[in-house]
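K.L.:
Give me a model of this one.
(chains A, B, C, D and E, ligands or ions: 4)
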Amino acid sequence: MSRRKIAEKMIPFIPPIILIATLSFLETITRMEILPSLFFPPPTAVMATLYNMTTEGALLDHLSATVIRLLTGFLLGGIPGMILGMMMGWSTAIRRILDPFVAALHPVPKISSLPIIMIIFGIGFVSRTIVVAVASFFPMLINTMAGVRQIHPIYFDVARNCGASRLQVLRHVVLPGSTPFILAGVRLGLNVSLSISLAVELLLADKGIGTLIWMAWQTMRIEELYATIVTAALVGISIRIFVQLLLNRCVPWATKART
Amino acid sequence: MSRRKIAEKMIPFIPPIILIATLSFLETITRMEILPSLFFPPPTAVMATLYNMTTEGALLDHLSATVIRLLTGFLLGGIPGMILGMMMGWSTAIRRILDPFVAALHPVPKISSLPIIMIIFGIGFVSRTIVVAVASFFPMLINTMAGVRQIHPIYFDVARNCGASRLQVLRHVVLPGSTPFILAGVRLGLNVSLSISLAVELLLADKGIGTLIWMAWQTMRIEELYATIVTAALVGISIRIFVQLLLNRCVPWATKART
Amino acid sequence: MGFRCKNLGVTYKTQNGELEALEDVSFSVSDHEFVCLVGPSGCGKSTILKLVAGLLDPTTGTIEFDSKPAGDRPRNAMVFQEHGVFPWMNVLDNVAFGLAIRGVPKAERNAIASRFIDRVGLSHFIDSHPHELSVGMRQRVSIARAFVNDPEILLMDEPFGSLDAMTKLVMTEELMGIWSRQRKQVLYVTHDIEEAIMLGDRVLVMTGRPGRIREEIEIPLARPRDLRDRDKSEIVKIKEHVWGILEEEVRAGLRGQHEPS
Amino acid sequence: MGFRCKNLGVTYKTQNGELEALEDVSFSVSDHEFVCLVGPSGCGKSTILKLVAGLLDPTTGTIEFDSKPAGDRPRNAMVFQEHGVFPWMNVLDNVAFGLAIRGVPKAERNAIASRFIDRVGLSHFIDSHPHELSVGMRQRVSIARAFVNDPEILLMDEPFGSLDAMTKLVMTEELMGIWSRQRKQVLYVTHDIEEAIMLGDRVLVMTGRPGRIREEIEIPLARPRDLRDRDKSEIVKIKEHVWGILEEEVRAGLRGQHEPS
Amino acid sequence: GDAPERKKLRVMNSPYMSWAVIHLAKANGCFDDLGLDVEFVVMRGIREGLPALAQGRLDVVPGFITPGYVNLMHRGANIRIVADKGHTESEGCPYRAFLAKKELVESGRLDNFENLRGLRIAGERTSTSYYALSSLLRKGNLTADDIVWLDLPTPAKQGALEAGTVDIVNASEPWITRIVQSGAGVIWLPAREVVPGFQHSFLMFGPSLLEKDREAGMKFMVGYLRGVRLYNEGKTDENVRVIAAETGLDEALVRDACWPPVRETGYYDTESLLTYQAWALEEGLIDGLVPVEGFWDPAFVEYANRFLTEEN
Ligand SMILES: Nc1ncnc2c1ncn2[C@@H]1O[C@H](COP(=O)(O)OP(=O)(O)OP(=O)(O)O)[C@@H](O)[C@H]1O
Ligand SMILES: Nc1ncnc2c1ncn2[C@@H]1O[C@H](COP(=O)(O)OP(=O)(O)OP(=O)(O)O)[C@@H](O)[C@H]1O
Ligand SMILES: [Mg+2]
Ligand SMILES: [Mg+2]
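P.N.:
Numbers count the residues shown, from 1 in each chain, chains lettered A, B, ... in the order given. Ligands and ions are numbered 1, 2, ... in the order given. Next up, the predicted model:
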């Protein structure tokens, strides 16, 4: 009992400990040149570079460009994905009509279709945003659909029995009932959007974390490469924290019941 | 009533009708050169190319190379993702320890880390497969985790009360209880793996649909480009059908209850 | 505002073929009548309520509502056997749900809902979510929600089944009060024969699967009735009669020998 | 193989602060004893069963089991108030679940499970999944599962609450048979005071929240008892007594005025 | 009087060393007095750039030869090569070369091209890289099937050579300098030995400058040739600084690297492209041959040369 409680108290400290241990290990083997130093700089060197890029370089500028791209794309893709997912989860007819198209369009390779999108929508902001939006559209759609389908049918009965219109069922049953899965979709969608944002920047932009990655490869400044990847990871952690806050706020009934 | 039934009978025919209508429309406007024919070939021309590539070219060879890459990657990434997701969904402690790492690693851009992976794991099959595996690892993990967390706690109580060991709880409660979401994860994971397989082939391989896409861009043979993208879409539809079969087989209790 | 069920039949499609749940069920509930439904477990009582509520389409047969054009349905409120309390809403929002749907302003609907939450003894839990409640407390939320909706037809599926004897009595008194003050029709499923007799103007006794109405019993007790006084000889006599029917049906069912007779 | 609960207290952490569900609950169940638990809705009956089953750790207090080293727990089977039938298993697999867990070979466990499925009258539904069953049928699956597990301690939380009167009687007879043939301890939560008196060696009557044991009543009826004959004067007397306690507790709770006395 | 209206040109920009002429021209204000505002549009692949050029969404694309370019013109796209941007040197340090491990070169095995059989050779999948390889193999009467051809991202090539997982890599600057300086490999064979005089890099105009506003195209060419002159001044401090700034490379590396030659007149070696087309047709990469007048529009360099001579 009390030993278990102590163990529980320890948990928040374990991830940092693992992180520090891994970094120390990497530091040692890179300093000893067990790994080729050309491609594996010591973590402290990466951290120093990260610090320099933040204070002297324009890392924060690039970061904010990426975050804006990511959020714009996610909002433009994720919200329609969620709405369509709710409708497809809810109505068998809509699902059966649209699902083949979703299935066919989802795997169309995004980055290699970018030129086609640019042919249609031009070389500017629109094309780039569309690709990012499309990337988050599908995880949101598929997760929301699965989430709606797991709602126990009795809740639909109750809502109908209380006289709810279709829109009200959507608002009061479909949406809250699938929130945990929508949020899993948000997490996946944001991360996918981030990946695709980076890929787009790698190809097309003069600003953003992806540009930095490209530049780091091109100039073989490996410390900068890792520093940039660490930045992407930090964005990922922020996404995680954001989704957790949403979870705590929107579905206390689900998290409290199960934590 | 009976009108509703007739409408229901119609549903399976709607997607093909939409498809044919869209294609006819495209055929018309491309033939009339409303869109520049340089980049928008008529659908019939694309179909003819697809037919030629299948009969004369090596489309099927390339397709099977991609499918093998996709499946290998998915099995190597998706199954560990599922297992870890089950454990993280089930145990708050494991979740709290590992989730920060998942959050940090998920958004690390896969394709642009490929050179590093190649330096660590060599230039051969392994590196390419790792990238595809990692791509399906995360959607499987995140969906499985969400799926496990939605299992009503009473089922864990029942299993414990029947004397189930941790492994048995995993087998009899966690796994079946989260199947609908694991399958949503399978669908997402397979599609993401497909996208990443294509991206890897686009960069590196001498075989696969991605290679064909690359070749088509390189030679600007736009019909071939579209034909190849159509092939990718067909793979996506196969994935959808496969997942539906799994759903019907594994979770009749969930689908029958809700269709 | 009564209604008539005519030759209702329901066949469920299941994994293992078709299952005939109801066969040729006809009965009517007239204006301001309180009708109880008893029958062996699995005979189709919940199915009948869902048909009347319009949540399920009968395979055969029709339901006609007085003074409504065909196809239209008066407002009804169901207390579901499985409660159906929304896990994502607190007690207040659950109870006020029907009012919210009808667009009643927030302050007003919360006031109404609070009053009913008080009556079912959950005022301490007005902010709680369902997973923090006991089973009986959840059932009371579901009862309050149905009362708040103030329907023309009340459909109650074993509404007090998860309540202790005393709470059940209080809730039943509440129900009878509402029913006698307002002109409502009640269709009430219960497992408790005594209760059916105490509450109903009529008791419908069903056969085992496929469910049919085996007997309709008029209850000749005067109103208002004293819910605590259950030992009157009329009651005991009817009870024994119903008990006899049920015994036959249940024994047949348990022996797996029940076939359409 | 009895057990003793000592000064059990449970405090739930909720959104709106802490909720004291149980306070200083002590009682014991001795070898081969049938103990019933009654009390107002939400007083903590289910919580007590979960403590005994080891599914919940008490905030304060301990439970000791005879002839088991401290911390160890004899096999117990619980019939959950919410049934807890796995939606992903058919009836057979649900009932055979405990045997499967213990590694009983498939043929054997299916044979045993089928026998019990027969006894609860579900042999027609052996392949069905829970969503194709009525509520009472699901409850019977859950009863059969507990019986099949053949535990030393049976914990039953309103086990027959969703069954019609007649089916309930048959199931109760089954339970009494099992109990008297095998040496089991039973802790039985019910909302039906009469039932508690008919079945129990002792009846524990609880107060409203926070739940405490207000009174322990020995039932002086001889065994075997005729479950249908409920009008004996001893029974009526005890029933009135318990009823009186419950009324006090429930009225206090409904008025929201219940404070620790 | 009235300031003449300024014309905005959209020029695809990639921070590669072979873009140096345009970077120098813009940085030194070569377009300013011509009434042109040059806007750089970042795109790092010809895949995105070519269609945009053909659609008139980009005005100028500095690029390299791909089968796609030939095929687009073959299908009637109005895009033309208008100037040299870099060709294979005839002497001196190589801009593109095959590199190998030092021991392999010293062992003498590579002296005979037939000995390439079975070796692992890495390059990029661009057709220029493949063109060089293919020409190399022909010298030893080999085909691509006789060797192990590895597609590697450029950074991985260096690591692979170092780790010994490949025998030969095909690379261009600044990677050649990097590899040589790191000791991972040495230059074995400059590209000029297999594809002499190859016109690997050039400037392209699309319909916007070829049809709609040829005058702006003429002006742009004047600015461009000014840039070429600056470029041909060689590794001056100013040139090194600008190129380093535009490419993000270290100044030392820019100084050490080999700069590809660009003709001062801007004229383009049409013969080289005909040779390339013949090869590509044989390989099945293009649908047909495009005649010189179909891919080369000399009017712009003619005008610019005249303009610049008059100016001096
Ligand atoms: N998971 C939980 N979180 C917070 N509070 C809880 C939780 N479970 C039960 N409670 C509270 O504990 C008290 C006792 O609950 P319990 O389920 O034990 O009651 P009960 O006697 O079984 O009631 P009923 O007869 O209605 O089933 C209730 O007030 C309830 O609100
Ligand atoms: N969704 C369904 N799919 C298939 N069969 C069903 C479904 N719902 C109910 N049934 C079947 O219909 C019959 C009647 O079910 P119903 O729930 O109406 O019974 P009930 O009288 O309410 O029983 P109980 O008293 O146990 O609640 C049962 O045999 C059940 O197996
Ligand atoms: Mg029912
Ligand atoms: Mg309870």
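K.L.:
near chain E at all, stretch A:130-143?
P.N.:
No - on the criterion C-beta under 8 Å from any C-beta of the partner chain, stretch A:130-143 is out of touch with chain E, staying 11.6 Å away. In short, each C-beta sits where N, CA and C put it, glycine included.
K.L.:
what does the stretch 51-200 of chain A have sitting close to ligand 4?
P.N.:
Near ligand 4, no residue belonging to the stretch 51-200 of chain A is found when assessed by C-beta under 5 Å from the ion.
K.L.:
and the residue of the stretch 51-200 of chain A found nearest ligand 1, helix, strand or coil?
P.N.:
Distance from ligand 1 to each residue of the stretch 51-200 of chain A (C-beta to the nearest ligand atom) is smallest for A:Pro180, at 18.0 Å. Under DSSP: H, G, I helix; E, B strand; the rest coil, the three-state class of A:Pro180 is helix.
K.L.:
Could you do E:Arg10 as well?
P.N.:
Per three-state DSSP, E:Arg10 ends up strand.
K.L.:
How about the contacts made by it?
P.N.:
E:39, E:41, E:57-60 (C-beta atoms under 8 Å, 6 or more residues apart in numbering or on different chains).
K.L.:
Likewise for C:Leu155?
P.N.:
Neighbour list for C:Leu155: C:49, C:52-53, C:76-79, C:186-187 [criterion: C-beta under 8 Å, 6+ apart].
K.L.:
just those now: which is nearest C:Lys106?
P.N.:
C:Ala77 (20.8 Å; C-beta to C-beta).
K.L.:
How much space separates the closest one from D:Gly84?
P.N.:
According to C-beta to C-beta, to the nearest Å, C:Ala77 stands 28 Å off from D:Gly84.
K.L.:
Number of residues surrounding E:Ser90?
P.N.:
9 (other C-beta atoms under 10 Å in any protein chain shown).
K.L.:
what's the answer for the one 4 residues further on, then?
P.N.:
Residues contacting E:Pro94 under the criterion other C-beta under 10 Å number 22.
K.L.:
again with A:Gln168
P.N.:
A:Gln168 - counted by other C-beta under 10 Å - has 19 other residues nearby.
K.L.:
Let me know whether it touches A:Ala159 as I believe.
P.N.:
Yes - if you go by C-beta atoms under 8 Å, A:Gln168 and A:Ala159 touch, sitting 7.0 Å apart.
K.L.:
anything in contact with each of these two?
P.N.:
C:Ile101.
K.L.:
Give me the nearest residue to C:Leu92, chain neighbours excluded.
P.N.:
Nearest residue to C:Leu92 in three dimensions, chain neighbours excluded: C:Ile126, at 4.9 Å (C-beta to C-beta, 6 or more residues apart in numbering or on different chains).
K.L.:
Please apply the same query to E:Ile46.
P.N.:
E:Gly63 (5.2 Å).
K.L.:
in chain A, which helix has the most residues?
P.N.:
The helix that spans the most residues within chain A, counting by DSSP state H, is helix A:59-90.
K.L.:
for it, which positions count as buried?
P.N.:
A:59, A:62-63, A:65-67, A:69-74, A:76-78, A:81-82, A:84-90 (16 or more other C-beta atoms under 10 Å in any protein chain shown).
K.L.:
and what of stretch C:117-129?
P.N.:
Quick answer for stretch C:117-129 (16+ other C-beta under 10 Å): C:117, C:119-122, C:124-126, C:128-129.
K.L.:
For the next helix or strand along the chain from the longest helix of chain A, report the contacting residues that lie outside it.
P.N.:
Next in sequence after helix A:59-90, counting helices and strands by DSSP states H and E, comes helix A:92-105. Contacts with helix A:92-105, where a contact means C-beta under 8 Å, 6+ apart, come from A:84, A:87-89, A:138, A:141-142, A:145, B:7-8, B:11-12, B:14-15, B:18, B:233-234, B:236-237, B:239-241, B:259.
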